[in-house]
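Colleague: Return atomic coordinates for the entry below.
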Amino acid sequence: MKRIVVSMDWPRIRLRSRRFLATGRAYLTLSLCSMVLFVLLGLGGMLQNKLAASPMQSMKGFAASVSGSFFSSLLGMELPHMDKPEEKSPFATERMASFLLRFLTDVNPDDPKSLLAMEMPGANGNEAVLFRPGSGGDANAAPEDHGPPASGDPGEDPAPSPDGGGGETADPSPPASQTQEPDPGDAAPPAGKTTEGRKVVFIYHSHNRESWFPELKPGTKDPNSGKINVTLVGKRLADQLEKRGVGAAHSNQDYATSIKDYDWNKSYKYSKETVAQAMASNGDLQFFFDIHRDSKRRKDSTATIGGTDYAKVFFIIGERNPRWKENEAFANSIHEKLEAAYPGLSSGIWGKTAANGNGEYNQSVSPDSVLIEIGGVDNTLAECYRTADVLAKTISEIYWAQQQAVEAGGSAPAGKTAS
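Modeller: Model prediction:
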């Protein structure tokens with residue numbers, strides 16, 4: 001009778017068991033990691049939806065800022081009649097490569113300084129996030145804020161006035177072509193309404209010496225001046241608001257001459273004190289505008305509407321302000337009216353954090369406070385005046401619409417108007 005002997009290769013069995021267990025542990029680890037990843041993504045999505053009331057784009061601010069032709073081409077891939085062969089397709093190899101590079105690395109091939117900005121602290125300081133695009137700009141046309149030369153202040157400053165303002169007697173007399181510009185629309189308030197002497201708008205300038213090359217001496221390399229500067233535009237805005245029945249106060253304080261040991265980097269600290277003093281002496285103030293001049297060149301800072309040149313505007317929102325969404329809503333009420341009546345004038349609403357700017361811009365003082373950049377270094381005073389007139393018309397419409405809503409028994413939230 002034969003015997004069958006079965007031998008067990010225990011070492012091999014143990015080796016296979018260990019391999020099986022190791023594989024199982026690997027699969028279990030990957031499963032747990034995947035689960036954690038999806039949970040974090042879900043929580044992140046919920047947090048984003050809860051925090052972002054404004055249309056801040058995903059994909060690092062790209063999605064809402066690409067040109068309309070990009071989305072038209074997307075539709076054209078499925079709807080042949082929408083295809084426009086005469087235009088260069090956004091899906092050209094070099095453009096897609098540019099998009100992917102920017103999306104993955106934050107490096108813009110069309111802007112070489114973006115590569116250096118990744119390694120040089122402060123080099124990326126003027127980058128902003130587009131909240132709402134305007135027909136007068138695009139994602140590559142972010143506002144630029146260049147300070148004065150490190151060597152000091154411009155040499156053509158006026159002597160300080162007795163009250164420390166430094167600018168009361170410095171206003172130049174613009175040519176007749178600048179002062180005779182017709183106001184847009186009817187400059188009279190609706191039905192003769194006025195604020196009856198009450199000042200409800202406050203206009204000031206954190207960077208009060210920002211000027212324009214065409215208004216300065218030929219050969220000037222520093223677009224800042226103690227005489228001809230953005231305070232003139234602020235005064236024009238205040239005057240036009242007054243003509244429309246909206247009381248407006250204007251500060252043209254020259255901080256370089258009125259502040260001891262003046263430091264340009266502390267400009268918003270100085271102007272915040274100006275705003276605080278204005279609020280303390282006038283409890284009727286509702287709207288606050290910090291008027292600046294951007295540093296862009298003429299091709300990006302000028303809009304031609306009806307054959308007339310205007311200085312474009314940027315609206316800047318400080319995200320360090322805990323209630324910045326209310327300020328953005330107020331800015332949007334102005335932006336939307338400009339888009340409807342003067343397409344091409346607004347370059348959109350942009351947000352800045354403390355990483356790429358002051359980040360607050362005194363906007364925590366009121367939900368109806370916003371920083372507005374008017375024009376660039378190559379614009380003229382006349383072009384900025386035209387834009388100030390348009391802004392006065394728009395702001396007055398918003399103010400009177402709010403008052404009408406209040407008189408009707410309702411309330412007009414900041415930035416909301418009754419159409």
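
Colleague: all contacts plus neighbour counts: C-alpha atoms, from now on.
Modeller: Will do.

Colleague: what comes up buried for the host helix or strand of Ala340?
Modeller: Taking DSSP states H and E as the criterion, Ala340 maps to helix 324-341. Within helix 324-341, the residues scored as buried using 16 or more other CA atoms under 10 Å are 324-339.

Colleague: just the residues you listed now: which is nearest Asp389?
Modeller: Leu338 (11.9 Å; CA to CA).

Colleague: Quick check, the closest one in contact with Asn332.
Modeller: No. Using CA atoms under 8 Å, Leu338 is not in contact with Asn332, being 9.6 Å away.

Colleague: sorry, back to before: what mean pLDDT does the helix holding Ala340 get?
Modeller: On average, the pLDDT along helix 324-341 is 96.

Colleague: Report all helices and strands that that helix contacts.
Modeller: The helices and strands touching helix 324-341, judged by 3 or more CA pairs under 8 Å, 6 or more residues apart in numbering; DSSP states H and E, are strand 313-318, strand 346-352, strand 369-374, helix 381-407.

Colleague: how about these in TSV, adding mean pLDDT?
Modeller: Formatted as TSV, the helices and strands packed on helix 324-341 follow (pLDDT from 0 to 100):
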stretch	mean pLDDT
strand 313-318	95
strand 346-352	93
strand 369-374	97
helix 381-407	95
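
Colleague: for the ones you listed, which one ends up most surrounded?
Modeller: Across those, averaging neighbours per residue (mean count of other CA atoms under 10 Å) puts strand 313-318 on top, at a mean of 28.

Colleague: send the alpha carbons of that strand over as PDB?
Modeller: Output of strand 313-318 as PDB, limited to C-alpha atoms (Å, rounded to 0.1, in the frame of the first residue of the first chain):
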ATOM      1  CA  VAL A 313     -11.000 103.400 -13.700                       C
ATOM      2  CA  PHE A 314     -10.100 100.500 -11.400                       C
ATOM      3  CA  PHE A 315     -12.000  99.700  -8.200                       C
ATOM      4  CA  ILE A 316      -9.800  98.300  -5.500                       C
ATOM      5  CA  ILE A 317     -11.100  96.200  -2.500                       C
ATOM      6  CA  GLY A 318      -9.000  95.400   0.500                       C
END
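
Colleague: so how far is Ser346 from Lys352?
Modeller: 17 Å (CA to CA, to the nearest Å).

Colleague: What is the burial count for Arg12?
Modeller: Applying other CA atoms under 10 Å, we find 10 residues neighbouring Arg12.

Colleague: Tell me which residues touch it, please.
Modeller: Listed by CA atoms under 8 Å, 6 or more residues apart in numbering, the contact set of Arg12 is empty.

Colleague: I'd like to check the angle between whichever helix or strand it is part of and helix 324-341, please.
Modeller: Element membership of Arg12 [criterion: DSSP H and E] is helix 10-51. Interaxial angle of helix 10-51 relative to helix 324-341 (axes from the mean of the first three to the mean of the last three CA atoms, to 10 degrees): 60 degrees.

Colleague: What residue spans form the domains of the protein?
Modeller: 58-126, 176-407 (automatic domain parsing).

Colleague: Using a markdown table, lay out the ones you listed together with distance to Pro148.
Modeller: What follows is those, written out as a markdown table (distance: least, CA to CA, whole Å):
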| stretch | distance to Pro148 |
| --- | --- |
| domain 58-126 | 15 |
| domain 176-407 | 7 |
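
Colleague: Please identify which of those domains is closest to Thr23.
Modeller: Here domain 58-126 is closest among the domains of the chain (CA to CA), at 33.0 Å.

Colleague: in what helix or strand does the closest residue to Glu326 other than its chain neighbours lie?
Modeller: In space, and not counting its chain neighbours, Glu326 is closest to Pro367: 5.3 Å by CA to CA, 6 or more residues apart in numbering. Using DSSP H and E, Pro367 falls within no helix or strand.

Colleague: okay, Pro367: pLDDT?
Modeller: 96.

Colleague: separation between it and Leu32?
Modeller: 45 Å.

Colleague: Dump stretch 250-265 to CSV, keeping only the CA atoms.
Modeller: The C-alpha coordinates for stretch 250-265 follow below in CSV (Å, rounded to 0.1, in the frame of the first residue of the first chain):
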residue,chain,number,x,y,z
HIS,A,250,-12.8,117.0,-0.2
SER,A,251,-9.4,116.8,1.5
ASN,A,252,-6.3,117.8,-0.5
GLN,A,253,-3.9,117.4,2.4
ASP,A,254,-0.3,117.0,1.3
TYR,A,255,1.1,114.5,3.7
ALA,A,256,4.7,115.0,2.5
THR,A,257,4.7,118.5,3.9
SER,A,258,2.3,118.2,6.8
ILE,A,259,3.6,115.0,8.4
LYS,A,260,6.9,115.0,10.3
ASP,A,261,9.3,112.3,9.2
TYR,A,262,6.9,111.5,6.3
ASP,A,263,7.1,107.9,5.0
TRP,A,264,5.3,107.1,1.8
ASN,A,265,4.8,103.5,2.9
